[in-house]
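> missing the sequence, but the structure's below:
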């Protein structure tokens with residue numbers, strides 16, 4: 001019987017196949033130089049298309065995990081495990097739901113310093129066990145696999161997520177496995193994480209957005225965010241308040257006609273709105289347009305992240321670009337530096353972000 005991969009709406013099928021096969025290779029199921037199962041065999045095993053299997057194999061080849069020889073087939077890479085090779089875990093609960101983490105992971109995998117090392121990809125499965133439970137399970141898998149380090153993007157929102165993040169960090173620390181945090185801290189802003197962290201200066205990102213709206217003549221500027229959220233949102237709010245003390249901060253559970261209408265009660269044409277991220281900006285823009293306002297004629301909107309769909313919105317979004325691939329590369333360098341100097345004080349590595357101007361502002 002074929003072993004069908006899970007039908008996860010937020011994780012491409014080729015990625016699921018890639019993760020399963022890379023885990024098997026790195027765990028030693030397939031010795032170096034052994035002939036790898038054929039595409040036809042993998043199609044039957046996973047119950048998916050040849051196109052999907054082909055793309056997964058290309059990913060494995062790009063990572064150096066397999067070697068594809070014309071006319072002979074596919075073989076397990078000879079160099080994926082050596083005396084100076086390390087295997088790292090990627091614990092990214094939001095991998096399938098947040099657009100920033102896929103390119104960050106690609107940056108980690110393709111960093112110049114990553115060529116000798118392997119990665120085990122881990123993410124939460126939508127609709128299965130709660131994300132906290134899945135994240136703890138992945139943590140235990142990485143400990144059992146004796147990985148050399150873990151790249152960890154902490155769970156967002158709520159006390160349960162915070163406790164899970166702290167538990168995961170504690171278990172990895174007890175196992176003497178180094179951690180590099182991606183994008184966000186374990187602790188609420190402005191507390192330090194006590195672990196290496198790689199991301200952007202979130203206060204500066206909000207300040208860039210405010211400065212652009214001020215230059216465009218916005219008389220009043222407000223900040224829009226969902227309730228809860230990661231420490232990065234609180235840092236962006238802090239940067240906003242430092243730049244525009246008279247501005248209002250709206251934290252809402254939902255972006256609806258009612259909640260947006262309340263924000264627009266006292267607005268004047270030309271006023272600006274900084275949104276905590278592009279997802280919030282896109283939903284805010286959709287409701288604003290549905291209410292009959294025009295962007296940017298009536299109001300201007302700026303997001304933060306520059307995810308792929310930001311330029312494809314009905315009004316292309318002005319946003320502060322988060323350089324995800326560069327964050328990934330810096331994360332790998334930080335991890336290797338941590339392994340080389342395990343007693344060095346923890347540090348934050350902040351990659352420069354820049355404003356991308358489009359029609360919304």
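Great, that's in hand. Because the structure is predicted, anything quoted here is derived from the model rather than measured. Numbering: from 1, shown residues only.

> now the residue of the chain positioned farthest from its centre: phi and psi?
Distance from the C-alpha centroid of the chain, by Cα atoms, centre = their mean, peaks at residue 71 (38.5 Å). Main-chain dihedrals, residue 71, degrees, to the nearest 10: phi 80, psi -10.

> for the stretch 151-300 of the chain, give me the ranges with low pLDDT.
193 (pLDDT under 70).

> enumerate every residue touching residue 298.
269, 270 (Cβ atoms under 8 Å, 6 or more residues apart in numbering). (Glycine included, C-beta is placed from N, CA and C.)

> hmm, try it at 6 Å
residue 269 (Cβ atoms under 6 Å, 6 or more residues apart in numbering).

> distance of it from residue 273?
Distance, residue 298 to residue 273, by Cβ to Cβ, to the nearest Å: 11 Å.

> and what of residue 358?
15 Å.

> can you name the residues in contact with the helix or strand harbouring residue 283?
If you go by DSSP states H and E, residue 283 is part of helix 278-290. For helix 278-290, contacts defined as Cβ under 6 Å, 6+ apart pick out 224, 255, 257, 260, 275, 301, 303, 305, 307, 310, 313, 317, 319.

> quick one: these as CSV, columns for distance to residue 239 too.
CSV is the format used below for the contacts of helix 278-290 (distance: Cβ to Cβ, whole Å):
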residue, distance to residue 239
224, 14
255, 21
257, 29
260, 23
275, 13
301, 17
303, 14
305, 15
307, 20
310, 20
313, 23
317, 19
319, 15
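
> make a ChimeraX selection of the buried ones in those.
Remark: buried members of these, expressed as a ChimeraX selection using 16 or more other Cβ atoms under 10 Å:
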select :224,255,260,275,301,303,305,307,310,313,317,319
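
> which ones among the contacts of helix 278-290 map onto helices?
Using DSSP state H, the subset of the contacts of helix 278-290 located in helices is 257, 260.

> quick check, pLDDT for residue 87.
Here, the pLDDT recorded for residue 87 equals 87.

> quick one: the helices in the stretch 1-150 of the chain, in order.
In the stretch 1-150 of the chain, the helices defined using DSSP state H, counting those that start in this stretch lie at 13-26, 39-46, 50-62, 101-110, 131-144.

> ok, residue 227 - contacts?
Applying Cβ under 6 Å, 6+ apart to residue 227 gives the contacts 251, 253.

> one more time with 7 Å
The neighbourhood of residue 227, defined by Cβ atoms under 7 Å, 6 or more residues apart in numbering, consists of 251, 252, 253.

> who's the second one bridged to?
What that stands for is residue 252. Bridge pairing for residue 252 (DSSP bridges) gives the partners residue 226.

> doesn't residue 228 make contact with it?
No - taking contacts as Cβ atoms under 7 Å, residue 252 lies outside contact range of residue 228: 10.7 Å.

> which of these two has more residues huddled nearby?
residue 252 (17 against 13; other Cβ atoms under 10 Å).

> rewinding a little: so between residue 358 and residue 273, which is more surrounded?
residue 273 (32 against 17).

> the more buried one: what secondary structure?
strand (DSSP: H, G, I helix; E, B strand; the rest coil).

> which ones are touching it?
222, 224, 284, 299, 301.

> CSV please, covering those and showing distance to residue 42.
Output for these, formatted as CSV (distance: Cβ to Cβ, whole Å):
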residue, distance to residue 42
222, 52
224, 46
284, 44
299, 52
301, 45
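
> can you tell me which of these is nearest residue 36?
When these are compared for distance to residue 36 (Cβ to Cβ), residue 284 wins out at 47.9 Å.

> number of nearby residues for that closest one?
24.

> ok, it to residue 198 distance?
28 Å.

> return the distance of residue 263 relative to residue 327.
Taking Cβ to Cβ, one finds residue 263 at 31 Å from residue 327.

> strands of the chain, residue ranges please.
66-69, 73-76, 87-91, 118-122, 149-152, 179-182, 196-200, 221-226, 248-252, 271-275, 299-305, 318-321, 348-351, 354-356 (DSSP state E).
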